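Asks: just to be clear, the model below is a prediction. Sequence and coordinates:
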Amino acid sequence: MTTGSDRILIVGGGIAGVSTASALRAGGYEGDVTIIDAGEFPYDRPPLSKSYLAGATDLKQIALQPAEWYDNNRVQLRTLTTVAALRTAEGGIELRDGKMLPADRVVLATGGQAARPRLPGVDSDRVHVLRTSDDADRLRDALNRGARVLVVGGGLIGAEVASTAVDLSCDVVLVDPERLPIAAGVGQEVAAWLHGQHTSRGIETILGAVESFTDTGTGIDATITGEAEPRTFDVVVLGVGMVPETTLAKTAGLEVDRGIVVDPGQVTSNPAILAVGDPTRVRYAGVLAPRAEHWEAAQHDGQRAAATLLGVPAPAGTAPWFWTDRHHRHIEAVGCMADAQMTVLRGELGATAFSTFGFRDGVVVGAVAVDDSNAVRAARRMIDRALAVDPQRLADTATDLRKLLRG
Ligand SMILES: Cc1cc2nc3c(=O)[nH]c(=O)nc-3n(C[C@H](O)[C@H](O)[C@H](O)COP(=O)(O)OP(=O)(O)OC[C@H]3O[C@@H](n4cnc5c(N)ncnc54)[C@H](O)[C@@H]3O)c2cc1C
């Protein structure tokens, strides 16, 4: 199939960019597809705070696709190449070396960078962030046995780094201004249990914020709110969020509002340019949704963009889902626990496998499961179908969730 846009150029080879290319070919697109990425080759990011940081996998093992996939799917991959500007009015894009590449439609899949707040001393080499494999390599080199590590931020990435650092026998302190980080994503009950896991594994958790750093040559001093004396560490890791990469979008004059604004078909304010993944915000019925910043959301964006380019209906929407791994537990969340009016615990908090389901007006709106993927799969179907489920039966671990789905 060709679409009248015979050369599609994808800027960014993360999961969003690669899934756009993959869905274009799966949908029968016959035109040229090119992915341009600044890195060595497209790789997956979630392992960077988990197995890759622990040294259990190498970069090749976390490639998004095997090298031959690109040839087999007629996807031209240009790596170690940076796009400097979008020149769609002139029929293409401009690379950093000044070269122009022709394109009929462009898909921006530029991801983002780890946030680095402007704190005094934050530019010290001892202060790390984690977004790329280079960041992970540098951090791993610093996570020596017994290293004193300060993790700033107890969200998803901060908690994963803290967990991996403990596995590597580091001495870890975690600071966060929130009493229960990620409560909005997993609900209060599970958030409290998760945060408590840090303490069980010997991590000191501090409620507060870092005000400044001083590199002393032999370590780094961190001043923390409410503490009289600075504390000394060998390594600091900032896990304080992501800054969306919107430079190309801004200079191309696209609508940007703390993210590249797209419609539900991933089209930006310029119809020749689509955008997918971490840097995007979708406007639904006039309301801008927050950036999703999760792996599956980026993958689904790519599939939706491909559908738009192919002129076919987008795949059916489904409740948002993400996972995180910490302290040897696998946590998955689906839907929106923040919308729940009441929650139901299935199993015992902390048991080998357990889950919580959030209800609003009698229907399940969110769920979180620890080492129980079946529960999350069932929850997703309940949410997608807006099923009214009996909370008591749901709470009973003897109830077969498949039966509940049948009504
Ligand atoms: C350490 C870490 C752990 C994570 N763990 C989880 C997890 O457990 N579960 C989960 O659901 N999500 C997780 N995430 C989030 C998930 O990885 C992201 O949502 C996902 O990678 C977003 O994909 P993307 O394609 O939008 O962006 P990215 O993966 O950031 O890809 C963007 C690409 O664009 C390239 N690029 C940008 N600008 C240019 C340019 N001008 N020219 C050329 N190339 C350019 C960049 O080099 C980059 O390769 C994690 C993220 C990180 C960083």
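Replies: Done, it's in. Numbering: from 1, shown residues only.
Asks: now for the closest residue in space to residue 133 that isn't next to it in sequence: which residues touch it?
Replies: Spatial nearest neighbour of residue 133, excluding adjacent residues (Cβ to Cβ, 6 or more residues apart in numbering): residue 59 at 5.4 Å. Yep, even glycine has a C-beta here, placed from its N, CA and C like the rest. Residue 59 sits next to 40, 43, 52, 133 when contact means Cβ atoms under 8 Å, 6 or more residues apart in numbering.
Asks: I'd guessed the last one sits against residue 52; true?
Replies: Yes: under the criterion of Cβ atoms under 8 Å, residue 133 makes contact with residue 52 at 7.1 Å.
Asks: restricted to strands, list the contacts of residue 59.
Replies: Secondary structure from DSSP state E places none of these in strands.
Asks: ok, which pair from these is furthest apart?
Replies: 40 and 52 (14.0 Å; Cβ to Cβ).
Asks: anything in contact with each of these two?
Replies: 59, 133.
Asks: higher neighbour count, the two?
Replies: The neighbour comparison of residue 40 against residue 52 (other Cβ atoms under 10 Å) goes to residue 52, with 23 against 13.
Asks: next up, the contacts around the residue of the stretch 301-407 of the chain found nearest the ligand.
Replies: The stretch 301-407 of the chain approaches the ligand most closely through residue 322 (3.7 Å), counting by Cβ to the nearest ligand atom. Contact analysis of residue 322 by Cβ under 8 Å, 6+ apart lists 156, 185, 294-297, 332-333.
Asks: and if we set it to 10 Å?
Replies: Contacts here follow Cβ atoms under 10 Å, 6 or more residues apart in numbering; on that basis residue 322 touches 46, 156, 185-186, 292-297, 331-334.
Asks: which among those residues gets closest to residue 374?
Replies: Taking the contacts of residue 322 together and measuring to residue 374 by Cβ to Cβ, the closest member is residue 332, at 10.3 Å.
Asks: which element is that closest one on?
Replies: Following DSSP states H and E, one finds residue 332 within strand 329-335.
Asks: can you list the strands that that strand pairs with?
Replies: Here strand 329-335 is paired, per DSSP bridges, with strand 321-326 (antiparallel), strand 363-370 (antiparallel).
Asks: including distance to residue 340 and mean pLDDT, could these go into CSV?
Replies: Shown next, in CSV, are the strands paired with strand 329-335 (distance: least, Cβ to Cβ, whole Å; pLDDT from 0 to 100):
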stretch, distance to residue 340, mean pLDDT
strand 321-326, 16, 98
strand 363-370, 6, 97
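Asks: now those strands in TSV, with distance to residue 253?
Replies: What follows is the strands paired with strand 329-335, written out as TSV (distance: least, Cβ to Cβ, whole Å):
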stretch	distance to residue 253
strand 321-326	32
strand 363-370	38
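Asks: out of those, which is the most enclosed?
Replies: Among the strands paired with strand 329-335, ranked by average contacts under mean count of other Cβ atoms under 10 Å, first place goes to strand 363-370 (a mean of 25).
Asks: give the next helix or strand downstream of it.
Replies: Following strand 363-370 in sequence, per DSSP H and E, is helix 373-385.
Asks: just want the angle from that next one to strand 321-326.
Replies: Helix 373-385 and strand 321-326 are oriented at 160 degrees to each other (axes from the mean of the first three to the mean of the last three Cα atoms, to 10 degrees).
Asks: in the helix or strand following helix 373-385, what counts as buried?
Replies: Per DSSP H and E, the first helix or strand lying C-terminal to helix 373-385 is helix 391-395. Buried residues in helix 391-395, counting neighbours by 16 or more other Cβ atoms under 10 Å, are found at residue 394.
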